[in-house]
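Student: Here you go, sequence then predicted model.
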Amino acid sequence: MVRVSTLKQNTKTPARSRLTLSPQDRLDFFYKVTNTISSEIDLDRTLPVIIEEVFKTFKPRGASLMVVEGSHVRVVAGRSVTQTPGKPSDLPVFKVGDGVAGRVAVTGNPEWIEDTLDDPRFQKIPGKVSKIRAILAVPLKVKGRVTGVINVTYSEPHHFTDEEIGILQIIAIPAAFAIQNATLFQHIEDEKSKLELIQTSMQGGLTVSKLDGTILFMNDAAHHLYGIRSDVVGISASKIQSNLDRYFNYPLKYDRKNEEVIAEVSAGKTVAVKVGVSSKPPRIIEALYSPLLNKQRVVVGMIGNHRDITELVGQSEQIKTQLISSEAERERWEAIFDNVEEAIVITNKSCEILRSNPAAESLSGLTKKDMLDQEFSSIFNLHNQQGIELSGDLSLGELVTKTREPIEYLEAKLTNAEGRDIWLGLSVSPTLSRQSDRDDMEIIFVMRDVSRLKEIDQAKSDFVSMASHELRTPLTVINGYISLFMSGDLGNIDSPDMVHFRPVFEQIFKSTARLNALVEDLLNVTRIEQGQLSLSLEKMSLDLLVKDVVDEMGAHAKTKNHRLKLESPVTSFLELPPIVKADHPKIKQVMINLIDNAIKYTKPGGEITVQVKKDRKEAIVMVRDTGIGMPKQLLPRIFEKFQRLEGSYVKDSVGTGLGLYIVRELIRAHGGRVWVESQIDKGSTFYFSLPLSRD
Ligand code: ADP
């Protein structure tokens, strides 16, 4: 053994080595170490054995084994006199080139220091008091490359003999191989477990097969996907094909022939195969076979990727049927849209026309193309009965966009592009499905030509107007005579020969009064309908008017034993009275109609309460009764003309079905609102509001 050293001898005489090994000892020692190393690949077990043998042989203060990892030398096993063999918890790391071990890692030669005191080559571990006075380090080499360092240390100065250096170098040989083998083994193990992890965690199945179809490898997912009963790896494809029941839990159905797939993959193509698995529920697997190439890029087998596509196929089928049905639905709607009698115009929220149907074309006298993108009100210039433009302050579309409430029905006159005047029944609705998103909102205008109906209505109104005027004169005459007669001006009606006529005259008097009221109602209706309702507005305190009517109607209420009372709301002292600008006789008429109804439709002994309230903008009058009430579904229609509810009690009462219509129209003409709340057998409450006078 050649002794190589860059030793700078110390001046002090170091202690002599106590190590003396006979050639037989050396052989035994070498044999023992080599034996352990070759039978073990676990470094955690081999390294302590090596260190232990070194300890026994050298009796040092400490010994350690290090591996070179890149630019560092890391202690992987060590022992000192104070420690048991194994892996100390805090193993130091040196830089390659630094310290004794670091230098050995670079030079590949043994190095030693016989007394570390004042020897600049000795590098202490920072922050630690070193007890090392002598150190010998030899390299671990594999194929001439330094892979590690083994060293022994003494706490006294020590003279290293050739024998000691030689023995440590002998130990270094199997130690180097042990580390090499273990690292290699570990590397292979790591790779293997990585591969296994990939295979088991792969959701999709993976197979590798020979070109004759024999499967060489199959992962767990593939096993699971195909419901494999008995292992198919290594079994020829033809054998499996001829006995599928034996190898698979469920019958399989392939959409491609095995030979075809093999032929295409052999030609370098990737082939997709669909496999139906008749499990419960059945599943569909998609297998993608691609060529497996060797180093010479020759196809030697097939790699199969398998995945369950049952859900995917199900979803696409569902989407397909949905598409078909929505297409049919769309066609149905198109047909309706194109063929309905009503004109339908759809606009965006800015009221620009997006779509229109043929009926809208004939109504406007323009083509679809002409109407497209035009503003609705520029094509359909609508006026009300009085000739006032409907798109004045706020067009119908703008109103609907703003309130998001539909306009259920409205009549308006259109002068179309051909100069024709057409009366329209019109409804306007925002699209309901997208109401949450104002930007996407569309407005649907549905219009119907009601000119003919209007004409009939007009003729009816004209007739009613003429008839009521004609009736008025004779009625006034009859009324006059009856009044004269009843007053006794035409003779004593209480004389014995006349007395039995009195009830007859009283009946005639009552009936003419009713007839009078009916004629008045009819005249009012005609005036309203012909737009001849004129109001003479004056400023007044609404509560005084209401009080007068309640006082006047008291006697009438008493005939049916009702209690009619004016209830004053809780108001502040300082509160101003509800001043409104109104036509006194007309509002009086409204009050009379409402109180008269309350008296009529309440069984004797009822209670009728009237109240006037005020909020910031309007005065509200309420007339509540404890009467027969009305069914909820009929409430929206109750203010229409000639609406009278069914029922024995209603039938018995006299009425025309015009009173509430007149109430609504009179209040509307004042810019107010009318509404009702009612419950069968509990009673009804009618409300109307009038705007408060601002000056
Ligand atoms: P009518 O001349 O029939 O009273 P109205 O227009 O005043 O005509 O009323 C229409 C219908 O509304 C009545 O026939 C009645 O069925 C119902 N009605 C009106 N007021 C009341 C009320 N206070 N209680 C119950 N039903 C009422």
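Tutor: Looks like it came in fine.

Student: Quick check: Glu361 touching Leu372?
Tutor: No: between Glu361 and Leu372 there is no contact under CB atoms under 8 Å: 11.5 Å. Backbone N, C-alpha and C define where each C-beta goes, glycine included.

Student: where does Leu117 land on pLDDT?
Tutor: pLDDT for Leu117: 83.

Student: what kind of secondary structure is it in?
Tutor: Under the three-state scheme (DSSP: H, G, I helix; E, B strand; the rest coil), Leu117 adopts coil.

Student: tell me the phi and psi of it?
Tutor: phi -60, psi 130 (degrees, to the nearest 10).

Student: What about it, how many residues nearby?
Tutor: By other CB atoms under 10 Å, 10 other residues sit near Leu117.

Student: before we move on, what about Gln507?
Tutor: Neighbour tally, Gln507, other CB under 10 Å: 10.

Student: Buried residues in the helix or strand containing it, which are they?
Tutor: Gln507 is part of helix 502-529 when elements are defined by DSSP states H and E. By neighbour count on 16 or more other CB atoms under 10 Å, the buried set for helix 502-529 is 508, 512, 515-516, 518-519, 521-529.

Student: For the stretch 401-550 of the chain, which segments are assigned as helices?
Tutor: In the stretch 401-550 of the chain, the helices defined using DSSP state H, counting those that start in this stretch lie at 451-487, 502-529, 542-558.

Student: Name the nearest residue to Ile50, sequence neighbours excluded.
Tutor: With sequence-adjacent residues excluded and distances taken as CB to CB, 6 or more residues apart in numbering, Ile50 is closest to Ala175, at 5.2 Å.

Student: would you say that neighbour is within a helix?
Tutor: Yes: Ala175 sits within a helix when classified using three-state DSSP.

Student: and the gap between it and Ile638?
Tutor: 108 Å (CB to CB, to the nearest Å).

Student: Then Ile628?
Tutor: For Ile628, the distance to Ile638 equals 13 Å [CB to CB].

Student: and the two? which has more neighbours close in?
Tutor: Ile628 (22 against 19).

Student: And the helices in the stretch 1-150 of the chain?
Tutor: 23-39, 43-58, 99-107.

Student: can you tell which of those helices is closest to Ser395?
Tutor: Nearest to Ser395, of all the helices of the stretch 1-150 of the chain, is helix 43-58, at 88.1 Å by CB to CB.

Student: which strands and helices sit next to that closest one?
Tutor: helix 23-39, strand 62-69, strand 72-80, strand 145-154, helix 162-201 (3 or more CB pairs under 8 Å, 6 or more residues apart in numbering; DSSP states H and E).

Student: Columns mean neighbour count, distance to the ligand and mean pLDDT on top of those, output as JSON lines?
Tutor: JSON lines is the format used below for those (neighbours: other CB atoms under 10 Å; distance: least, CB to the nearest ligand atom, whole Å; pLDDT from 0 to 100):
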{"stretch": "helix 23-39", "mean neighbour count": "14", "distance to the ligand": "109", "mean pLDDT": "68"}
{"stretch": "strand 62-69", "mean neighbour count": "23", "distance to the ligand": "100", "mean pLDDT": "87"}
{"stretch": "strand 72-80", "mean neighbour count": "21", "distance to the ligand": "101", "mean pLDDT": "82"}
{"stretch": "strand 145-154", "mean neighbour count": "24", "distance to the ligand": "108", "mean pLDDT": "90"}
{"stretch": "helix 162-201", "mean neighbour count": "16", "distance to the ligand": "77", "mean pLDDT": "77"}
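
Student: Save those as TSV, and put in distance to Ser684 too.
Tutor: Below are those laid out as TSV (distance: least, CB to CB, whole Å):
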stretch	distance to Ser684
helix 23-39	106
strand 62-69	97
strand 72-80	97
strand 145-154	105
helix 162-201	74
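
Student: Thr107: which of those is closest?
Tutor: strand 145-154 (8.3 Å).

Student: For that closest one, which outside residues touch it?
Tutor: 50, 54, 58, 60-68, 73, 76, 80, 100-101, 104-106, 108, 132-141, 168, 171-172, 175-176, 179-180 (CB atoms under 8 Å, 6 or more residues apart in numbering).

Student: redo that, cut-off 7 Å
Tutor: With CB atoms under 7 Å, 6 or more residues apart in numbering as the contact definition, strand 145-154 has outside contacts at 54, 58, 60-68, 73, 100-101, 104-105, 108, 132-141, 168, 171-172, 175-176, 179-180.

Student: That strand versus strand 72-80: what angle between them?
Tutor: 30 degrees (axes from the mean of the first three to the mean of the last three CA atoms, to 10 degrees).

Student: Could you list the paired strands of strand 145-154 along with their orientation?
Tutor: Its sheet considered, strand 145-154 pairs with strand 62-69 (antiparallel), strand 134-142 (antiparallel) by DSSP bridges.
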